[in-house]
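In: Give me a 3D structure for the following:
(2 chains)
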Amino acid sequence: MKKKDTYYLTTAIAYANAAPHIGFALELLYSDVMCRYQRLLGKEVHFLTGTDEHGQKIFKAAEQSGQDSQSFTDEQSAKFSELADLWNISNDDFIRTTEDRHKAGAQKFWLASMKNGDIYKKTYTGLYCVGCESFKTEKDLVDGLCPDHKKAPEILQEENYFFRLSNYQKLLEKLFEKNKSFIVPASRFNEMYNILKNGLEDISVSRSKEKLPWGITVPNDPTQVMYVWFDALTNYITALGYGSADETNFEKFWPAVHVIGKEINRFHSLLWPAMLMSAGLETPKQIAVHGWMTVDGQKMSKSVGNVINPAELTAEYQLEAVRYFLVREIPFNDDGDFSSEKFRERYTADLANGLGNFTSRVLTMVEKYCDNQIPAVANIDNNFINFIKTEIWPNYLKNMDVWNFVHAYEIVWKLVAACDQMISDRKPWILAKEGKIQEVKDLLYHLCEALRQIAIMIYPVMPETSEKLITQLGLDVNIELSKSLSDLQEWVDLTVGNKINKGEILFPRL
RNA sequence: CGCGGGGUAGAGCAACCAGGCAGCUCGCAGGGCCCAUAACCCUGAGGUUCUCGGUUCAAAUCCGAGCCCCGCAACCA
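Out: Numbering: from 1, shown residues only, chains lettered A, B, ... in the order given. This next block holds a predicted model:
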């Protein structure tokens, strides 16, 4: 089974107990950039996102809102798929854990794991807080009391199903040793590797239905529902049709690259691979762990009141600019800060004064000096071509490949700066006055071609701007974007004589 | 002694692994230009590289001690 031309990427599924958080938008965005890039590389991409809709918190949130759980989650989940549309996310599928295709698959998965002897019943004795309706650990308690309800928890026994995570200690270690980029960045890999080496214990993977009616029923035991994580993680394969009559997509696309936030790394890097091994399936290709966004240097929190609503953010600023800012400013492998001030700075410097102004000056000159047409070139500047070919593209590609979008786009803007500098050096307005019109045309031809290549490089992060640029150069968007990246990065003859379409200013000053 | 990351111009970061003129972006000051969105180009100012000690011809870099910030552990996105 050959899969080298496919690329399957998932975001974590968002827990749908509240309105979408900017952090999830960021995760969607990183994923979208990578998927669009992979499509440019010619891969057949399958991009999945969705919502996680079971568990205690959802059940309670629904109760509080006075709705039944299903209509509550219908409403919540819609907000997330709307966000994906609003942010121009190119996902191919959107899964909800309350869908039948997921529930059926999750149960199949349970049975596969159970058949291998990895799921067993055990009586669990724990400290149960009636107020919270959940078990507490010693560490949760303050002075022996539940911090939320100020009551001592009861000692309660419950029979649950457990997953033999401990069985996979050795196999997981092997997985980690064999593939050092199983988790990126390396710091996250090390974190998990250390936890792993400290030893894994079996974990409880079901709850009594009596206490928690909102979940997927354990196969052959109507008294129990699956623990949300055991349920949720399987979305990555149930969405591909695992366990259904048609497993074509599963065969074709699995295993996945999982894009997740650092807070759920354990579940994805330790529990999930063990679950997959238990069900006799391939482990994920990679876990890519991104950092968090701070606002004005502070952690976002409801009590501070600095939580950013993604829809409000893009209502205030141009979506493409927001996408660029986040990708350029919040490094994938680390935390990064958002502030209006930083946004304006980068917008003005990179988009308005940088790319936008550069586009504008080039197209205006083509209008003015070349009768609005892509000029014919007499002398090719090999230094310039080599610069793009050897300094820009390889660096761009190398960084995009490893989620280093910050550097990849830094490189692209180096090209913009080099072009601006070239205009200053050659002074086309003087050449024009001196009647050296072919020299002007040669220069402008090079600048137009550079602009075309820049349009391709920015496509993953600013697809609409990319298309605008391509159109302005008198090219056909559909034809250009259907070409392979190796063709697109070659220096080509733009269609000489093509009319350019100078449009609106790309990025007006704020 | 739980594990790990970090402290470098006003801000954000690079250089550290493998010691050799401390670099980039933004901001600031001055100059140039007139194709362009008051944009663009050039020059300049600005550093006790957290502290103390050690190794070395030479330390931001290596070693030791300390101070401070942060992440994971702990269903935060």
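In: for RNA strand B, what are the nearby residues on the stretch 51-200 of chain A?
Out: Residues of the stretch 51-200 of chain A found near RNA strand B (Cβ under 7 Å from any atom of the strand) are A:55, A:57, A:139, A:187, A:190-191, A:194-195. For glycine as for every other residue, the C-beta is placed from the backbone atoms N, C-alpha and C.
In: ok, those vs A:N478, which is closest?
Out: Distance to A:N478, by Cβ to Cβ, is smallest for A:S187 among these, at 41.8 Å.
In: Excluding residues flanking it in the chain, which one is nearest the closest one?
Out: Leaving aside its chain neighbours, A:S187 sits nearest to A:N333 (7.5 Å; criterion: Cβ to Cβ, 6 or more residues apart in numbering).
In: does that neighbour sit in a helix, a strand or a coil?
Out: What DSSP: H, G, I helix; E, B strand; the rest coil gives for A:N333 is coil.
In: quick one: it and A:V184 touch, right?
Out: Yes: under the criterion of Cβ atoms under 8 Å, A:N333 makes contact with A:V184 at 7.2 Å.
In: returning to that earlier point: quick one: contacts for the residue nearest to A:S187?
Out: Taking Cβ atoms under 8 Å, 6 or more residues apart in numbering as the contact definition, A:N333 lies against A:184-185, A:187-188, A:289-291, A:403-404.
In: And A:H290, how far from A:F267?
Out: Distance of A:H290 to A:F267, computed by Cβ to Cβ, to the nearest Å: 15 Å.
In: higher neighbour count, those two?
Out: Taking neighbours as other Cβ atoms under 10 Å, A:H290 and A:F267 compare with A:H290 leading, 26 against 16.
In: of the residues of the stretch 51-200 of chain A next to RNA strand B, the lowest pLDDT goes to which?
Out: Across those, the smallest pLDDT goes to A:K139, namely 58.
In: what helix or strand does the residue of the stretch 51-200 of chain A found nearest RNA strand B sit in?
Out: Distance from RNA strand B to each residue of the stretch 51-200 of chain A (Cβ to the nearest atom of the strand) is smallest for A:N194, at 3.8 Å. Taking DSSP states H and E as the criterion, A:N194 maps to helix A:186-197.
In: Distance from the chain centre to stretch A:386-394, please.
Out: Here stretch A:386-394 is found 27 Å from its chain centre; the criterion is Cα atoms, centre = their mean, to the nearest Å.
In: just to revisit the earlier point, and the contacts of the helix holding A:N194?
Out: With Cβ under 8 Å, 6+ apart as the contact definition, helix A:186-197 has outside contacts at A:169, A:172-173, A:176, A:180-183, A:262, A:265-266, A:269-270, A:287, A:289, A:333.
In: what does stretch A:199-212 give?
Out: A:55-56, A:59, A:119, A:122, A:124, A:133, A:158, A:160-166, A:168-169, A:172, A:215, A:217-218, A:222-227, A:229-230, A:270-271, A:274.
In: now with 7 Å?
Out: With Cβ atoms under 7 Å, 6 or more residues apart in numbering as the test, stretch A:199-212 has contacts from A:56, A:59, A:119, A:124, A:133, A:158, A:160-166, A:169, A:215, A:218, A:222-227, A:230, A:270.
In: what's the answer for stretch A:24-41, then?
Out: Applying Cβ under 7 Å, 6+ apart, the contact partners of stretch A:24-41 are A:7, A:9, A:11-12, A:14, A:45, A:47, A:49, A:83-84, A:87, A:89-90, A:259, A:261, A:290, A:293, A:310, A:323, A:326-327, A:330, A:332, A:400, A:405, A:459-461, A:463, A:485.
In: so what's A:N167 up against?
Out: Contacts of A:N167 (Cβ under 7 Å, 6+ apart): A:D118.
In: A:I458 is in contact with A:Y396, correct?
Out: No: judged on Cβ atoms under 7 Å, A:Y396 makes no contact with A:I458 at a distance of 10.3 Å.
In: re the thing from before, now do the buried residues in the helix holding A:N194.
Out: The neighbour-count check on helix A:186-197 (16 or more other Cβ atoms under 10 Å) flags A:188-189, A:191-193, A:196 as buried.
In: Next, format those residues as a markdown table and append distance to A:A418.
Out: A markdown table is the format used below for these (distance: Cβ to Cβ, whole Å):
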| residue | distance to A:A418 |
| --- | --- |
| A:R188 | 35 |
| A:F189 | 36 |
| A:E191 | 40 |
| A:M192 | 41 |
| A:Y193 | 42 |
| A:L196 | 47 |
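In: so what's A:L111 closest to, chain neighbours aside?
Out: Nearest residue to A:L111, sequence neighbours excluded (Cβ to Cβ, 6+ apart): A:P219, at 5.4 Å.
In: do the same with A:W214
Out: Per Cβ to Cβ, 6+ apart, closest to A:W214 is A:F59, 4.0 Å.
In: quick one: pLDDT of the one you found?
Out: The model's pLDDT for A:F59 equals 88.
In: My guess is it contacts A:S69. True?
Out: Yes: contact criterion Cβ under 7 Å: A:F59 and A:S69 qualify, at 5.9 Å.
In: Can you work out which residues contact both of the two?
Out: In contact with both A:F59 and A:S69: A:W214, using Cβ under 7 Å, 6+ apart.
In: how long is stretch A:336-353 end to end?
Out: Taking Cα to Cα, to the nearest Å, stretch A:336-353 runs 24 Å from one end to the other.
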